[in-house]
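Trainee: Here is my input; please provide its structure:
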Amino acid sequence: MIGMRTLAALATVLALAACGVKRDLKPAAGHRLPPAPYGREEPRSTAALLQPPVQAIPERNVELRRRSEEREDDPFDLPPTSE
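Mentor: Alright, predicted model coming up:
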């Protein structure tokens, strides 16, 4: 008889194997791609729709600190006011 651990391991392996399928994406049967945006003649392809816009992936423009350094005085670091 198959043990619960063996059954769980088999289910995990099958689930992971199903995730590895790679093929071109197509709309579901009976559905179409979204309409073309205003000003475009043709709708965008599935590959173009899957590319995130530039605003979604900003580039890092700050050098990360590699070691501890003394902080500079911050003129905006004020204590809270008691009102």
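
Trainee: Skipping its backbone neighbours, what lies nearest Leu50 in space?
Mentor: Leu25 (7.4 Å; CB to CB, 6 or more residues apart in numbering). From N, CA and C alone the C-beta is placed, and that goes for glycine too.

Trainee: What's the per-residue pLDDT of the one you found here?
Mentor: For Leu25, the pLDDT comes out at 73.

Trainee: Can you give me the neighbour number for it?
Mentor: 9 (other CB atoms under 10 Å).

Trainee: Hmm, it is touching Ala48, no?
Mentor: No: the criterion here is CB atoms under 8 Å, and Leu25 misses it with Ala48 at 11.5 Å.

Trainee: Look at Ala11 and tell me its secondary structure.
Mentor: Following DSSP: H, G, I helix; E, B strand; the rest coil, Ala11 is assigned to helix.

Trainee: one step back: how far away is the residue nearest to Leu50 from Arg66?
Mentor: Taking CB to CB, to the nearest Å as the measure, Leu25 falls 41 Å from Arg66.

Trainee: Distance of Leu7 relative to Leu16?
Mentor: 15 Å.

Trainee: what does Val62 give?
Mentor: 37 Å.

Trainee: Which residue of the two possesses the greater neighbour count?
Mentor: A side-by-side neighbour count of Val62 and Leu16, using other CB under 10 Å, places Leu16 first with 9 against 5.

Trainee: quick one: what helix or strand has that one in it?
Mentor: Following DSSP states H and E, one finds Leu16 within helix 4-19.

Trainee: Just the buried residues of that helix, please?
Mentor: Using 16 or more other CB atoms under 10 Å as the test for burial, helix 4-19 gives no buried residues.

Trainee: and it, what does it pack onto?
Mentor: Judged by 3 or more CB pairs under 8 Å, 6 or more residues apart in numbering; DSSP states H and E, helix 4-19 is in contact with no other helix or strand.

Trainee: any idea of the mean pLDDT for that helix?
Mentor: 82.

Trainee: right, and the helix or strand after that helix?
Mentor: helix 46-50.

Trainee: With just CA atoms, put that next one into PDB.
Mentor: Extracted as PDB, the C-alpha positions of helix 46-50 are listed here (Å, rounded to 0.1, in the frame of the first residue of the first chain):
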ATOM      1  CA  THR A  46       0.500  38.600 -26.600                       C
ATOM      2  CA  ALA A  47       4.200  39.000 -26.200                       C
ATOM      3  CA  ALA A  48       3.900  42.800 -26.100                       C
ATOM      4  CA  LEU A  49       1.000  42.600 -23.600                       C
ATOM      5  CA  LEU A  50       3.100  40.500 -21.300                       C
END
